[in-house]
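S.K.: got a structure for you, letters missing:
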């Protein structure tokens, strides 16, 4: 009889200890607050401030603030799409803790709610605008990036110097001749049946 009670007591002690540990561990982790993945949202704060201002702001100002808010949301969506696979890989390897992963998941849920709120606000201005505000915001972001690159070109040229910078080659094809403009000089080639353009 004593030989049967020892294994049963051992199993009860092991499983009881695991149950008590898991109870306190879940209680501890559920009360834990995670550091936000993204910093504050100044575009949303600006829009809400304009919306609640006492002399009501003009609709064009509110619409532009809403588009800026959507642009910030698009940037956040892009960042989450880029960061999530890498963080998931690092989490599987054990390089990062669960707190960073949970912070990302919470940010993703908050962003989904933010997107729905922006779509609802856009539809309150013009019916159907909610479906096109994010593609518009994405195009505006691409335009701003392209503009930043073009504005940086003169400083890049100055840094590289004239000797290291090669001007682009321009090829203009006409019906019977081809012009090539390279580094300020123009070369012309006539076309014939034996020498195509």
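M.R.: Thanks, I have it. Every value quoted in this text rests on a predicted model; they were computed, and no experiment measured them.
S.K.: which of the helices or strands spans the residue nearest the centre of the chain?
M.R.: Among the residues of the chain, the one closest to the centroid is residue 78, at 2.2 Å (Cα atoms, centre = their mean). Counting by DSSP states H and E, the element that carries residue 78 is helix 59-93.
S.K.: tell me what that helix is packed against?
M.R.: Under the contact criterion of 3 or more Cβ pairs under 8 Å, 6 or more residues apart in numbering; DSSP states H and E, helix 59-93 touches helix 42-52, helix 98-125, helix 133-160. Heads up, the C-betas are built off the backbone N, CA and C, glycines and all.
S.K.: can I get those in a markdown table including mean neighbour count?
M.R.: Output for the helices and strands packed on helix 59-93, formatted as a markdown table (neighbours: other Cβ atoms under 10 Å):
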| stretch | mean neighbour count |
| --- | --- |
| helix 42-52 | 14 |
| helix 98-125 | 15 |
| helix 133-160 | 12 |
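S.K.: still on that earlier bit, buried ones in the helix holding residue 78?
M.R.: 62-63, 65-74, 76-77, 80, 87 (16 or more other Cβ atoms under 10 Å).
S.K.: angle of that helix against helix 42-52?
M.R.: Here helix 59-93 points in a direction 150 degrees away from that of helix 42-52 (axes from the mean of the first three to the mean of the last three Cα atoms, to 10 degrees).
S.K.: what's the angle between helix 59-93 and helix 98-125?
M.R.: Inter-element angle recorded for helix 59-93 and helix 98-125: 160 degrees (by the same axes, to 10 degrees).
S.K.: how far does helix 59-93 sit from the chain's center?
M.R.: Using Cα atoms, centre = their mean, to the nearest Å, the mean C-alpha position of helix 59-93 is found 4 Å from that of the whole chain.
S.K.: quick check: mean pLDDT across that helix?
M.R.: Mean per-residue pLDDT for helix 59-93: 94.
S.K.: so, low pLDDT: which residues of the chain?
M.R.: Judged by pLDDT under 70, the chain has its weakly predicted residues at 1-2, 29-34, 162-197.
S.K.: now with 50?
M.R.: 165, 193-197 (pLDDT under 50).
S.K.: doesn't residue 55 belong to a helix?
M.R.: No. Applying DSSP: H, G, I helix; E, B strand; the rest coil, one finds residue 55 to be coil, outside a helix.
S.K.: measure it to residue 61 for me?
M.R.: As judged by Cβ to Cβ, to the nearest Å, residue 55 and residue 61 stand 12 Å apart.
S.K.: now swap in residue 35 and tell me
M.R.: 34 Å.
S.K.: so residue 95, which state does it fall into?
M.R.: Of the three states, residue 95 takes coil under three-state DSSP.
S.K.: run a quick neighbour tally on it.
M.R.: When counting by other Cβ atoms under 10 Å, one arrives at 10 neighbours for residue 95.
S.K.: likewise residue 130?
M.R.: Neighbours of residue 130 under the rule other Cβ under 10 Å: 19.
S.K.: out of the helices and strands packed on helix 59-93, flag the one nearest residue 18.
M.R.: Closest to residue 18 of the helices and strands packed on helix 59-93 is helix 98-125 (Cβ to Cβ; 19.3 Å).
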